[in-house]
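Asks: Need a 3D model of the following:
(2 chains)
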Amino acid sequence: AQKVTQAQTEISVVEKEDVTLDCVYETRDTTYYLFWYKQPPSGELVFLIRRNSFDEQNEISGRYSWNFQKSTSSFNFTITASQVVDSAVYFCALSPLIQGAQKLVFGQGTRLTINP
Amino acid sequence: SQTIHQWPATLVQPVGSPLSLECTVEGTSNPNLYWYRQAAGRGLQLLFYSVGIGQISSEVPQNLSASRPQDRQFILSSKKLLLSDSGFYLCASTSGRTDTQYFGPGTRLTVL
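Replies: Below you'll find the predicted structure:
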């Protein structure tokens, strides 16, 4: 069975601090996708990143960076110089890399609050 | 790029009443479509998915059903709502060129 664990239920930091959101996953599949989504107060899930299991390169996009470590089954997300607009619930998700329907398994989410 | 619409945005229904939530997709053809539910303070759970017109797969036994009458239309229904059906319902779509699910704005359902 597949499982995604986001152990941090809530995180609160002061603006401009760096913050890392942890994601640990379990799967028996040899190939899979990992995702991060952002859910602002409006509720809509906003796609942030997708990573293939065979691509362990870390990725940076502006103030966002992702650290994928297959050896520890982790896919952590770091926000550098956080801003109030980063306040949201962040979800990590996993799906097998197969053709056809893609069944996402989500973690429980981490509520991030950036205080001015 | 694709755009996903969901209707209605919010809904308050009494226990035992019927339900129909609609999801429509623009900007793509032959998408895979998904219904998720997010209960208060919890993660997202996949309810149904569809790989084509009339093709529905259910992930969780429950009081709900889904239908896909047209290529870019996905409907979530119930004959009699339960209190436990309350939640935030999200529709998602993947098009042929990407394996990334994009989500609609959601419908917040409260069953009283």
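Asks: Go ahead and confirm residue A:46 touches residue A:35.
Replies: No: if you go by CB atoms under 8 Å, residue A:46 and residue A:35 don't touch, sitting 11.2 Å apart. (Each C-beta comes from the backbone N, C-alpha and C, glycine too.)
Asks: Looking at the two, which one has more neighbours?
Replies: More crowded of residue A:46 and residue A:35, by other CB atoms under 10 Å in any protein chain shown: residue A:35, with 24 against 14.
Asks: residues contacting the spatially closest residue to that one that is not a sequence neighbour?
Replies: Closest residue to residue A:35 apart from its sequence neighbours, by CB to CB, 6 or more residues apart in numbering or on different chains: residue A:93 at 4.3 Å. By CB atoms under 8 Å, 6 or more residues apart in numbering or on different chains, the residues touching residue A:93 are A:4, A:34, A:35, A:36, A:37, A:104, A:105, A:106, A:107.
Asks: pretty sure residue A:78 is in a strand, no?
Replies: Yes: Residue A:78 forms part of a strand when assessed by DSSP: H, G, I helix; E, B strand; the rest coil.
Asks: got a list of what it touches?
Replies: A:18, A:19, A:20, A:21, A:64, A:65, A:66, A:67.
Asks: Can you list phi and psi of the second one for me?
Replies: Which is residue A:19. The phi and psi values for residue A:19, taken as degrees, to the nearest 10, are phi -140, psi 140.
Asks: Okay, and the beta partners of residue A:10?
Replies: Beta bridges link residue A:10 to residue A:111 when assigned by DSSP bridges.
Asks: circling back: quick check: which element contains the residue nearest to residue A:35?
Replies: strand A:88-96 (DSSP states H and E).
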